[in-house]
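Asks: sequence and predicted model, in that order:
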Amino acid sequence: MAKQKQVKKSPIVSENKPKIEAAPLPLPSGFWKNQGWKVAVLLVVGLFIYYQTANYGYVLDDQIVITDNQFTKKGFSGIYEILSTESMTGYFGAQQNLVQGNRYRPLSLVTFAMEYGIFNELKPGVSHVINLLLYILSCVFILRLVQLLIPDKKPLMGWFDMGFAAALLYLVHPIHVEAVANIKGRDEIMAMLFSLLSLYFFVLHYMYGKGKNYLYAALATYFLGLLSKENTITFAAVIPLSLWVFGGDHRGKAWNSLGWLMVVSFAYLMIRFSISGVPQLDQKITDIMNNPFLEMKGGEKLATILYTLGLYIKLLFLPFPLTHDYYPYAIPIMNWAKWQVWLSALLYGGMTYWAWKQLKAKQLSGYAIAFYLITLTIVSNIVINLGTFMNDRFIYMPSLGFCLLLVWAVWELGERWNNAQKEIGQVAFLSIPVIAFAFLSFIRVPDWETALTLNQSAMRVSGNSARANSFMATALFNEFKETQDVAKKRALLNEAMPYARKAADIIPKYYNANLMMAGIAGETYNLNKELTPFLTDFEQIIYRRPDVSFLTEYLKYLNGTGPDLNQMMTFYIKVGKTLMAKKGADDLKWAVHFMKLGLEIDPNQPTLNQLTGESLNALGDSNQAQLYLSRVAQQ
């Protein structure tokens, strides 16, 4: 039999096989028709909690960005200067570099300038309403984003979906009151809003197949977020992570988004560095109010940071009591012997492990914790010194991770709860924090009405903060200046002085505390004409901060009004001797300075001339010293 000829088959060349792109997900239609009532609920709840702010004025840092900012108050003509300078230049007149890393957050200032340009005057009520509307809009995009990222989760009772739950929790959380009720907090709100918008457009482009315009919109909104506040840069990690966890067959696009985000981030940093300079992370900040870790030793800084990170977790679950002031030493200096530090370390270690484990399984719980940790990094004081121990507004962005985690827990509870009425129970369970948070937010908002109410609320929580005590004294002093009633004036001064004293006791070199003490002492003397307590207060201030200019100004005024001259001379001699005894060059210079004030009363007073001459000799100025010593010799 003849052999059959075998025919060789051509091998399949796999590399020539066209790559099959994953089909876009079907985009749910009719958002406003089907979800519009949920948006209405968010609007009504937001207005109910925050409507009061429409009647409030400016407080706290509003003066830096609005009322005392020369660029903002130029209106539209000031926008170029806002965009082309460091963000505190309009307030200080020049870049000061008072805090580590400088600040370049022009976009919220641009909106303030636009408001001023439109109304040609300051309109705090309008600014408050804009803050609230932007906040509610952010919650609307949380609603929509969660629905797009997790479309397969069944709504409870047919309507209570994860997106609505997360948006509602975020809307009512009391930790956000500071960002919304303080007009300056618009930088936080805009950064979060534009970050959410960027994620939204990326999701529509990569997961739902929307065109290139959506990619461009994603990049543009990300850039606007960076111009609002630099913590937007954490979304360069959040956005790819979101696509990787929830993208399904589209998760490979996470790398594409990361590449685009890196390009925009690089462009932003180049602009920022060219305008405000490259941050000097090793810059020595010597003002404790801009560097709360200044006087800490060894591991105290890290221990204190860990303690504050633990407090953030506590405030997310139990946001009461709240304060706007966490300056030294509202937060005590911690060390590694404190159990709170180790508890916080264990919590964050456990959260990191859980997030890693759950992210590998593409679980919402892992994503929620990762979102919190990623967005917390830049405001943790670990990467950069923020100038204060902590702040409510610092976790405005990270708190969304907490809201998502709580929502996940409720849905997970339903998976394990074998009961016909379980969905009603889940909604009821979630309603507890929603109602509690809404109530706490509602009663927190009035604290932001005026500087006085704000500082009164801070004193209930931050009684050991030098800044809170000083600001309380300042608020009362400003009330003193406004009233014409003498009895009320006296009462306000008496109320203010203990706060100023406590601030100076907490941080003796704190300039503002000593300035307030001097101002209150001076006005009290004007009312009572009691010289002894006045001189006692001034003496204490001189030993701590002789550079408070009001001291010299008021003593010169007092010299010319003719009080008890013998008592004044005794005061100048005592101050001179005490400063000389310290033997430092600066102390000797200030001793000469104040003794010369005494010599304005009586140029021939022998003790003052002798001490002044000795001080000048010690400073190496023998010629000047001889002028004063010769007066003694001639007597």
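Replies: Cool, the structure landed. Residues are numbered from 1 along each chain as shown.
Asks: quick one: the helices in the stretch 401-550 of the chain, in order.
Replies: Secondary structure of the stretch 401-550 of the chain (DSSP state H, counting those that start in this stretch): helices at 422-444, 451-459, 466-482, 486-506, 511-528, 531-544, 549-559.
Asks: pick the most deeply packed of the ones you listed.
Replies: Greatest average neighbour count among those goes to helix 466-482 (a mean of 23), per mean count of other Cβ atoms under 10 Å. Yep, even glycine has a C-beta here, placed from its N, CA and C like the rest.
Asks: before we move on, back to that, out of the helices of the stretch 401-550 of the chain, which gets nearest to Leu629?
Replies: helix 549-559 (23.0 Å; Cβ to Cβ).
Asks: now the angle from the following helix or strand past the closest one to helix 531-544?
Replies: Scanning forward in sequence from helix 549-559 by DSSP states H and E, the next helix or strand is helix 565-582. Here helix 565-582 runs at an angle of 20 degrees relative to helix 531-544 (axes from the mean of the first three to the mean of the last three Cα atoms, to 10 degrees).
Asks: and the following helix or strand past helix 565-582, which residues are buried?
Replies: Counting by DSSP H and E, the next helix or strand C-terminal to helix 565-582 is helix 585-601. Across helix 585-601, burial judged by 16 or more other Cβ atoms under 10 Å covers 587-588, 590-595, 597-599, 601.
Asks: same thing with stretch 374-389?
Replies: Neighbour count says stretch 374-389 has 374-376, 378-381, 384-389 buried, by 16+ other Cβ under 10 Å.
Asks: could you dump that stretch to CSV, C-alpha only?
Replies: C-alpha atoms of stretch 374-389 as CSV (Å, rounded to 0.1, in the frame of the first residue of the first chain):
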residue,chain,number,x,y,z
ILE,A,374,-3.5,57.2,51.3
THR,A,375,-5.3,60.6,51.7
LEU,A,376,-4.2,60.9,55.3
THR,A,377,-0.5,60.6,54.4
ILE,A,378,0.0,64.2,53.4
VAL,A,379,-1.8,65.6,56.4
SER,A,380,-0.4,63.3,59.0
ASN,A,381,2.7,65.4,60.0
ILE,A,382,4.9,62.5,58.9
VAL,A,383,5.6,63.7,55.4
ILE,A,384,5.6,67.4,56.1
ASN,A,385,5.3,69.5,59.3
LEU,A,386,1.8,71.1,59.0
GLY,A,387,2.3,73.7,61.7
THR,A,388,-0.2,72.2,64.2
PHE,A,389,-0.7,68.8,65.8
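Asks: starting at the chain centroid, how far to that stretch?
Replies: Taking the mean C-alpha point of stretch 374-389 and that of its whole chain, the gap between them comes to 10 Å (Cα atoms, centre = their mean, to the nearest Å).
Asks: what stretches of this protein score poorly on pLDDT?
Replies: Residues of the chain that meet the criterion pLDDT under 70 lie in 1-21, 418-420.
Asks: how is it divided into domains?
Replies: As recorded under automatic domain parsing, the domains making up the chain are 31-198+294-420, 199-276, 564-635.
Asks: got these as TSV, with distance to Ala468 columns?
Replies: Formatted as TSV, the domains of the chain follow (distance: least, Cβ to Cβ, whole Å):
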stretch	distance to Ala468
domain 31-198+294-420	4
domain 199-276	24
domain 564-635	29
